[in-house]
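**Q** sharing a model prediction with you, sequence too.
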Amino acid sequence: MNITTALQLVLLPAGALGVAAVARWRGWPTPLLLVLAGLIAGLVTSQFRGVPEYRLDPDIVLLVFLPPLLYSAALDSSYLRLRAVRRPVGLLSVGLVLFTAAVVGLLAHALIPGIPLAAAFALGAIVAPPDAVAAVAVGRRLGLPRKVITILVGESLFNDATALTAYRVAVAAAVGVGVSPLAAFGQFAYAAGVGLAIGLVLAFLVGRVFGRLRDPLISNTISLLVPFVAYLTAEAVHASGVLSVVVVGILLGHRMNRTSYGTRLVSHSMWKVLDFFLEIVVFLLIGLQLPLILQGLRGENPWHVAGYAVAVFAAVVVARVVWVVPSTYLPRVLFRKIREREQRPPASSVAVIGWAGMRGVVSLAAAFALPADFPARDMVLFLTFVVVIATLLVQGLSFPLLIRKLGVSSEQEVYRDNLTEAAAQQAAAGAALARLDELTKEGVLETHADVVDRLRVQAERRAMGAWERLGGGVGPEGEETPSSLYRRLRREMLAAERSVLVRMRDERRIDDEVLRRVTMELDYEEATLARD
């Protein structure tokens, strides 16, 4: 590798980090500012010779960027909440993707001269899956209800699997490989079924390994490999790598409380930093593609091309709204059990979900991955780029305004979380004290009453522990020192607290978010005990 190539590799993430730092300092939406910065940088640098071009490599995106981003989002999601909203998530991640692909495909075939129907459907599959990164970031910052956030996250986790499978079928048909409707359905079923099975098997195996490991560095290094193993294993047998990664991530995230406290603390920080780094690079890369894409449209009538772009963008936006409204309310009309079991969704929440259709790098990577002999390839690539940029800027910039205008808020959920957290803390503390009483029945109360008192009030631990460390944690006659006893008993109490909290989560008495918040406090305390 020469010095020029090395500089190119450094300049891109360094520039992305600089723009992201400004966005976070000013409180602006980071993805949108990165895309705008990429657009401006791409247009300006294209005027100078010798400036490196940052071409989006689809293999890098689909093999290097996508698996860890999906896995991290799946780890941070809630299995129980996703299961509770499986119907709307399924309707969005499967039904809406196929509906959007059909609407865009039929429109593009009718509107754009020379584009075959199969190629038009490939365009529809490319632009169909939204990327919820920007929407979820804004929604969390502005306090969207947890159910809305869960639906958007669930949609973004599963819709890539549907879109990429439809994309493969359409591309095969466009380049001359005939695919019947029955064969296409078979490909869908095979990709989903085998991808799901691989994810389940890997989650079981990795979960067993994590349950035995207590070294945070080893556990989290394995965790870094898991999304790539899941993705590549599934893709090697022509199944859905996306679905495999998502399934293993959701299940391992649900079982994260069975790992060590060190693993959880390191994992939280590691994935947060990795997510931030990958996302800022990806969004800057999106904006930088404009000069490269425009090169393929030389000779085309710019007004006609602009009209096609506006029409496809409008079709993508309208298709989502047209699908979201009836798919939300129609099941309630048709099925009495749904009406009895679920509250009627507020119109404001439905409007927010209908407008949260920002596209991302997966669409652009799929377009760049089209074969060189694909019909109207340059046009498909340009239209994909316009849809990605337009949804990020138009919907992304207006999304916070819509949330504020509709007054969608999670204030009641925050209050309810505080109440349930207080109840959970009380129940956990009761379990810890009960466990302490069990451990101190056999004479410990008489011999080390001061230790038990300190356990109850958690006072003067550090000062005493510092002196006792000088003796290696052992008394003059080889007996257990008070500080060592304190740590051992307190760890048992913390384990009892975690057990109660996990049981309350499994019984749906507290939410996963409350569990994570309280568990992190326990993990920090256990880390302090380990330091002592």
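**A** Yep, it's here.

**Q** what about residue 171, how many residues nearby?
**A** Residue 171: 22 surrounding residues under other C-beta atoms under 10 Å. (C-beta placed from N, C-alpha, C; glycine too.)

**Q** roughly how far apart are it and residue 121?
**A** 9 Å (C-beta to C-beta, to the nearest Å).

**Q** now residue 27
**A** From residue 27 to residue 121 the distance is 41 Å (C-beta to C-beta).

**Q** so for the two, which sits in the more crowded spot?
**A** The neighbour comparison of residue 27 against residue 121 (other C-beta under 10 Å) goes to residue 121, with 24 against 8.

**Q** name the element that one belongs to?
**A** Secondary structure assignment for residue 121, by DSSP states H and E: helix 117-127.

**Q** what does the helix or strand just after that helix rub up against?
**A** For helix 117-127, the following helix or strand on the C-terminal side (DSSP H and E) is helix 133-142. For helix 133-142, the surrounding residues in contact (C-beta atoms under 8 Å, 6 or more residues apart in numbering) are 29-32, 148-149, 152-153, 156, 279, 352, 356, 358, 360, 392, 396, 399-400, 403-404.

**Q** emit the ChimeraX select command for whichever of those residues are buried.
**A** Buried residues among the contacts of helix 133-142 (16 or more other C-beta atoms under 10 Å), as a ChimeraX selection:
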select :29,30,31,32,148,149,152,153,156,279,352,356,358,360,392,396,399,403
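
**Q** so residue 97 touches residue 159, yeah?
**A** Yes - using C-beta atoms under 8 Å, residue 97 is in contact with residue 159, at 5.1 Å.

**Q** please pull out the lowest mean pLDDT helix or strand from the chain.
**A** helix 461-468 (a mean of 43; mean pLDDT, DSSP states H and E).

**Q** report the distance from the helix or strand in which residue 322 is found to the chain centre.
**A** Under the criterion of DSSP H and E, residue 322 resides in helix 302-334. Per C-alpha atoms, centre = their mean, to the nearest Å, the displacement of helix 302-334 from the mean C-alpha position of its chain is 24 Å.

**Q** I'd like the next helix or strand past it.
**A** helix 336-341.

**Q** and that following helix, what does it pack against?
**A** helix 302-334 (3 or more C-beta pairs under 8 Å, 6 or more residues apart in numbering; DSSP states H and E).

**Q** who are the packing partners of the helix it packs on?
**A** With contacts defined as 3+ C-beta pairs under 8 Å, 6+ apart, helix 302-334 has these neighbours: helix 86-90, helix 97-111, helix 117-127, helix 336-341, helix 347-355, helix 377-390.

**Q** before we move on, back to that, overlap in contacts, residue 97 and residue 159.
**A** With C-beta under 8 Å, 6+ apart as the test, residue 97 and residue 159 both reach 128, 129.

**Q** still on that earlier bit, output the helix holding residue 121 as PDB, restricted to C-alpha atoms.
**A** This file holds the C-alpha atoms of helix 117-127, laid out as PDB (Å, rounded to 0.1, in the frame of the first residue of the first chain):
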ATOM      1  CA  LEU A 117     -40.300  -4.600 -16.700                       C
ATOM      2  CA  ALA A 118     -37.800  -6.900 -14.800                       C
ATOM      3  CA  ALA A 119     -35.200  -4.000 -14.600                       C
ATOM      4  CA  ALA A 120     -38.000  -1.700 -13.300                       C
ATOM      5  CA  PHE A 121     -38.900  -4.200 -10.600                       C
ATOM      6  CA  ALA A 122     -35.200  -4.400  -9.700                       C
ATOM      7  CA  LEU A 123     -35.300  -0.600  -9.200                       C
ATOM      8  CA  GLY A 124     -38.400  -1.000  -7.000                       C
ATOM      9  CA  ALA A 125     -36.700  -3.700  -4.900                       C
ATOM     10  CA  ILE A 126     -33.600  -1.500  -4.500                       C
ATOM     11  CA  VAL A 127     -35.400   1.600  -3.200                       C
END
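
**Q** run through who's touching that helix.
**A** 97, 100-109, 112, 115, 163-164, 166-167, 170-171, 173-174, 312, 316, 359, 363, 366-367, 370, 374-376, 380, 383-384, 387-388.

**Q** going along the chain, name the helices of the stretch 401-532 of the chain.
**A** Here the stretch 401-532 of the chain has its helices, by DSSP state H, counting those that start in this stretch, at 411-439, 444-447, 449-457, 461-468, 482-506, 512-531.

**Q** got the buried residues for stretch 46-62?
**A** Buried positions in stretch 46-62, judged by neighbour count with 16+ other C-beta under 10 Å: 46, 54, 56, 58, 61, 62.

**Q** output it as PDB, nothing but the C-alphas.
**A** Presented in PDB, the C-alpha positions along stretch 46-62 are these (Å, rounded to 0.1, in the frame of the first residue of the first chain):
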ATOM      1  CA  SER A  46     -14.800  16.800  -8.900                       C
ATOM      2  CA  GLN A  47     -13.500  20.000 -10.400                       C
ATOM      3  CA  PHE A  48      -9.900  19.300  -9.500                       C
ATOM      4  CA  ARG A  49      -7.600  16.800 -11.000                       C
ATOM      5  CA  GLY A  50      -5.700  14.400  -8.800                       C
ATOM      6  CA  VAL A  51      -8.300  14.500  -6.000                       C
ATOM      7  CA  PRO A  52      -9.200  10.800  -5.000                       C
ATOM      8  CA  GLU A  53     -12.600   9.400  -5.800                       C
ATOM      9  CA  TYR A  54     -14.400   7.500  -3.100                       C
ATOM     10  CA  ARG A  55     -16.400   5.000  -5.000                       C
ATOM     11  CA  LEU A  56     -18.900   3.000  -3.000                       C
ATOM     12  CA  ASP A  57     -17.900  -0.600  -3.200                       C
ATOM     13  CA  PRO A  58     -21.000  -2.800  -2.800                       C
ATOM     14  CA  ASP A  59     -19.000  -5.700  -1.500                       C
ATOM     15  CA  ILE A  60     -17.500  -3.600   1.200                       C
ATOM     16  CA  VAL A  61     -21.000  -2.300   2.200                       C
ATOM     17  CA  LEU A  62     -22.800  -5.600   2.200                       C
END
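
**Q** what about that stretch, distance to the chain center?
**A** Its chain's C-alpha centre and that of stretch 46-62 lie 26 Å apart, by C-alpha atoms, centre = their mean.

**Q** residues contacting it, please?
**A** For stretch 46-62, using C-beta under 8 Å, 6+ apart, the contacting residues are 4, 8, 11-12, 45, 282, 285-286, 288-289, 291-292, 361-362, 364-366, 368-369.

**Q** run the last query once more with 6 Å
**A** 8, 12, 45, 285, 288, 289, 291, 292, 361, 365, 368, 369 (C-beta atoms under 6 Å, 6 or more residues apart in numbering).

**Q** narrow the residues you listed to just the buried residues.
**A** Buried by 16+ other C-beta under 10 Å: 12, 285, 288, 289, 291, 292, 361, 365, 368, 369, out of the contacts of stretch 46-62.

**Q** residue 47 is in what secondary structure piece?
**A** Under the criterion DSSP H and E, no helix or strand holds residue 47.

**Q** quick check on it: phi, psi?
**A** phi -90, psi -10 (degrees, to the nearest 10).

**Q** where's it relative to residue 211, distance?
**A** For residue 47, the distance to residue 211 equals 57 Å [C-beta to C-beta].
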